[in-house]
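Novice: A structural model of the following input is requested.
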Amino acid sequence: MDAPDSQQHTLGDPAAGKLLGKVASPEGDEATSEQFTFWVSEDVLVEKTQIVRALSPYSQGCISFHAVVDEVYRRSRRRGVLEEADRFGGDAGATLPLDSQGLTYAAARILRAEPPVLAPPREESLVYLSGAAEARVAYGVEEMGQPLPIGLLKNGGSAFAGPAYIDLDYLLGANGAHLNVTGVAGAATKSSFLMSVLYSLLQHCRERQRRAPSAPDNPAIVPIVLNVKGYDLLWLDHPNRRYDAQTAGPIWRDLGIEHPTAFADARFLAPEQAAARAAVPVGRPVERYSWSLGEVIAGGLFPYLFGDEDREDENFLGLLQDVEAVLTFERQEGSTYERALQREAPDTFQKLLEWIDGQIHLPEGERRLSNHHPGTWRKFYRRLRRVVQEGEGLLVRHGTQGRPLDLTAAATRPPTVVDLQSVRDAALQRFVVAAIFAQVSAARTGTNAVPNLAYVIVLDELNRWAPRGSSDPITRLIERVVAEMRSQGVILFGAQQQASQVSPRVIENAAIRALGRTGALELSQPLWGFLGPGARRRVQNLQPNEKLVYQVNFREPMQVQVPFPAWAMRRDEAVIAAAGGRFDDLEEWER
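Specialist: Prediction:
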């Protein structure tokens, strides 16, 4: 995200309540229950994104139509450009004693009517500029179960109509769940937005706990952030050197956060190096994580080691399932379920490879699983050997003890950042993602699940983990989580450059969607059909610190300015603390 400029924001628009113009409904611009047009007084400036209110007299009483300006137009009284030019004799430098007497008018999309009616405003209804109070009504803030401020609601080019809110009941599972962000690389600042919402959510949970420590309905969240690009998200616990409290601080205060800070006490993990029993170098101290064969089997993760193209081979899939059955011990006693590696089974990945190689060379009648063709056995061996070789370190090849991720918790805690960038193999990256989703799903469905606790998983590049048209086990796992696990408290904060490349089930189950700057080709896809032409034009020209945010019960999206992060979003932004002060220069810190 770009650094904040020095221009002070205008939260309380001094022009709020000003009369702008009157509704007009001529042929071709008829008012409907969804939109209307109004002409503007000559001394008034009307801007796109402004929130307005039309007061319309009906026999039942006066009805207020809250709306957002979709586009502003200027029309002269001439019938064509030729008449415009002829008026000046074709001389642009000429001046005339009389003005052209043109007209400004605006098209507005209706957000809400008070009282609720499905009817249009009447012509000549007065139209006023709205402020923060009217904006809250327009987007139903007072009716939200748990409103969460995520930025400032745009009210024209430089003014705002108070904070922009989303409803936690639509984010954390009561009425819907999940947040999804789309936008082009670099200009859309998707990760910045997700972390900003996460920060506000953490502050909300902590404030609720502080005010009423024993309240049974206090929400709690356990954030799990997956670092999938570079090592950018491994510096969230450091202050942002580009954060200016003088310019960015007032916006945070308007959101109810007096002094934003870095994500203190965040936990960071990276995959283990082969034969080193230490994490791969990522530029800072981190914990390591890895899995032995026994831990993979105990977690039910063995199928996730293999890609979709392998599982599409029915013979391969059959052998995979049979091998897993040979390796797995399962026991159910009442509500207690136990899963572990069979005692007589190979107990390391290396021994498993040797066992499979031995099965290949045994005579047909002596194989443990004799109903599979030798060619299928050889293919299975090649695939597993490649996975073990590529993932050595992440997968403990010769030992029986790894350090599998343990991400469960019983109360709100700072984010845990799991590095995936250092996992070079794409299939193994998907394995780690599957392991995380499987673990939190199990934690939320077990007998010891903590009430009102939600695991919030932040995952960029969703098209890599749940691509459109895929039916592999990881895609199906993520689809099941977003479709069925919201009531159990597993929440996905997802992002991608093109939502059309992600499983439709994943996108459609996101109750809150945000768009950064997005290209016309992506916006032409059917999944964006709920956006009107004006909203699509706005999305293509959004600034990096702006998002168009849509909640499923909104009639029109909000245009939101996102606060500048007080935490580092990449390595060169980090301020590194030292014993005697701080190092502003990373090279100095490393020395």
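
Novice: from here on, contacts and neighbour counts on C-alpha atoms
Specialist: Noted.

Novice: what sits against A325?
Specialist: Contact analysis of A325 by Cα atoms under 8 Å, 6 or more residues apart in numbering lists nothing.

Novice: That one looks like it's in a helix, true?
Specialist: Yes: A325: assigned to a helix according to DSSP: H, G, I helix; E, B strand; the rest coil.

Novice: can you tell me how far it sits from Y139?
Specialist: Between A325 and Y139 the computed distance is 54 Å (Cα to Cα, to the nearest Å).

Novice: ditto for R75
Specialist: Per Cα to Cα, R75 is found 31 Å from Y139.

Novice: which one of the two has more residues nearby?
Specialist: The residue with more neighbours, out of R75 and Y139, is Y139; 24 against 11, by other Cα atoms under 10 Å.

Novice: Flag the shaky bits of this protein, pLDDT-wise.
Specialist: Scanning the chain for pLDDT under 70 picks out the ranges 1-15, 98, 187-188, 335, 446-448, 577-591.

Novice: Break it into its domains for me.
Specialist: Annotated domains of the chain cover 19-130, 147-290+403-583, 293-390 [automatic domain parsing].

Novice: just those domains: most buried one?
Specialist: Looking across the domains of the chain with neighbours counted as mean count of other Cα atoms under 10 Å, the highest average goes to domain 147-290+403-583: a mean of 20.

Novice: hang on, the earlier thing: can I get the domains of the chain in TSV including distance to V396?
Specialist: Shown next, in TSV, are the domains of the chain (distance: least, Cα to Cα, whole Å):
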stretch	distance to V396
domain 19-130	55
domain 147-290+403-583	7
domain 293-390	7
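
Novice: quick one, which of those domains is nearest to R397?
Specialist: Of all these, it is domain 293-390 that lies closest to R397, at 5.0 Å by Cα to Cα.

Novice: Would you mind measuring the gap between the ends of the closest one?
Specialist: 15 Å.

Novice: ok, longest helix in this structure?
Specialist: Taking DSSP state H as the criterion, the chain has its longest helix at helix 190-211.

Novice: With adjacent residues omitted, what lies nearest to F431?
Specialist: Nearest residue to F431 in three dimensions, chain neighbours excluded: Y304, at 5.3 Å (Cα to Cα, 6 or more residues apart in numbering).

Novice: Tell me which residues touch that neighbour, please.
Specialist: By Cα under 8 Å, 6+ apart, the neighbours of Y304 are R430, F431, A434, P473, I474.

Novice: just those now: which is nearest D572?
Specialist: Out of the contacts of Y304, the member with the shortest distance to D572 (by Cα to Cα) is R430, at 28.3 Å.

Novice: what's that closest one sitting at in phi/psi?
Specialist: Backbone geometry at R430, expressed as degrees, to the nearest 10, gives phi -60, psi -30.

Novice: what's the closest non-adjacent residue to it?
Specialist: Leaving aside its sequence neighbours, R430 sits nearest to W465 (Cα to Cα, 6+ apart; 6.2 Å).

Novice: about what we covered before: chain center to the longest helix of the chain: distance?
Specialist: Distance of helix 190-211 from its chain centroid, counting by Cα atoms, centre = their mean, to the nearest Å, is 14 Å.

Novice: before we move on, what about stretch 145-156?
Specialist: Taking mean C-alpha positions (Cα atoms, centre = their mean), stretch 145-156 and its chain are 16 Å apart.

Novice: do the same with stretch 334-352
Specialist: Counting by Cα atoms, centre = their mean, stretch 334-352 comes out at 37 Å from the chain centroid.

Novice: cool, and stretch 347-354?
Specialist: Computed by Cα atoms, centre = their mean, the chain-centroid distance of stretch 347-354 equals 40 Å.

Novice: Can you tell me the closest non-neighbouring residue to R397?
Specialist: The nearest residue in space to R397 (Cα to Cα, 6+ apart) is F349, at 5.0 Å.

Novice: what's the one you found in contact with, if anything?
Specialist: S292, L293, V388, V396, R397, H398.

Novice: Format those residues as a markdown table; extra columns: secondary structure and distance to M144.
Specialist: Compiled in a markdown table, these are given as follows (DSSP: H, G, I helix; E, B strand; the rest coil; distance: Cα to Cα, whole Å):
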| residue | secondary structure | distance to M144 |
| --- | --- | --- |
| S292 | coil | 47 |
| L293 | helix | 48 |
| V388 | helix | 50 |
| V396 | coil | 49 |
| R397 | coil | 52 |
| H398 | coil | 55 |
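
Novice: Now render the residues you listed as JSON lines, adding distance to L234.
Specialist: Formatted as JSON lines, these follow (distance: Cα to Cα, whole Å):
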{"residue": "S292", "distance to L234": "25"}
{"residue": "L293", "distance to L234": "28"}
{"residue": "V388", "distance to L234": "27"}
{"residue": "V396", "distance to L234": "24"}
{"residue": "R397", "distance to L234": "27"}
{"residue": "H398", "distance to L234": "30"}
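
Novice: what about Q559, which SS state?
Specialist: Q559 falls in the strand class when you classify it by three-state DSSP.

Novice: residue contacts, it?
Specialist: T49, L153, K154, E546, K547, L548, V549 are the contacts of Q559 under Cα under 8 Å, 6+ apart.

Novice: Which ones among those residues lie within strands?
Specialist: In strands, judged by DSSP state E, the following of the contacts of Q559 are found: L153, K154, E546, K547, L548, V549.

Novice: wait, isn't A340 in contact with S292?
Specialist: No: judged on Cα atoms under 8 Å, A340 makes no contact with S292 at a distance of 11.9 Å.

Novice: ok, so of the contacts of Q559, who is nearest G299?
Specialist: Nearest member of these to G299, counting by Cα to Cα, is V549, at 37.2 Å.

Novice: Can you tell me the element the residue nearest to that closest one when sequence neighbours are not counted falls in?
Specialist: Take V549 and drop its neighbours on the chain: the residue closest to it by Cα to Cα, 6+ apart is A514, 4.3 Å away. Using DSSP states H and E, the element containing A514 is strand 512-515.

Novice: Packing partners of that strand?
Specialist: Using 3 or more Cα pairs under 8 Å, 6 or more residues apart in numbering; DSSP states H and E, the elements in contact with strand 512-515 are strand 179-182, strand 546-551.

Novice: And for the helix or strand following it, what's in contact with it?
Specialist: As assigned by DSSP H and E, the chain's next helix or strand after strand 512-515 is helix 520-523. Outside helix 520-523, the residues that touch it by Cα under 8 Å, 6+ apart are Q498, A499, S500, R536, Q540.

Novice: and what of stretch 379-394?
Specialist: With Cα under 8 Å, 6+ apart as the contact definition, stretch 379-394 has outside contacts at 271-277, 289-291, 305-306, 316, 319-320, 349, 353, 356-357, 395, 397, 423-425, 428.

Novice: Tell me which of the residues you listed fall in helices.
Specialist: F316, L319, L320, F349, L353, I356, D357, L428.

Novice: Tell me the one of those residues nearest L405?
Specialist: Of all the ones in helices among the contacts of stretch 379-394, L405 sits closest to L428, with 14.3 Å by Cα to Cα.
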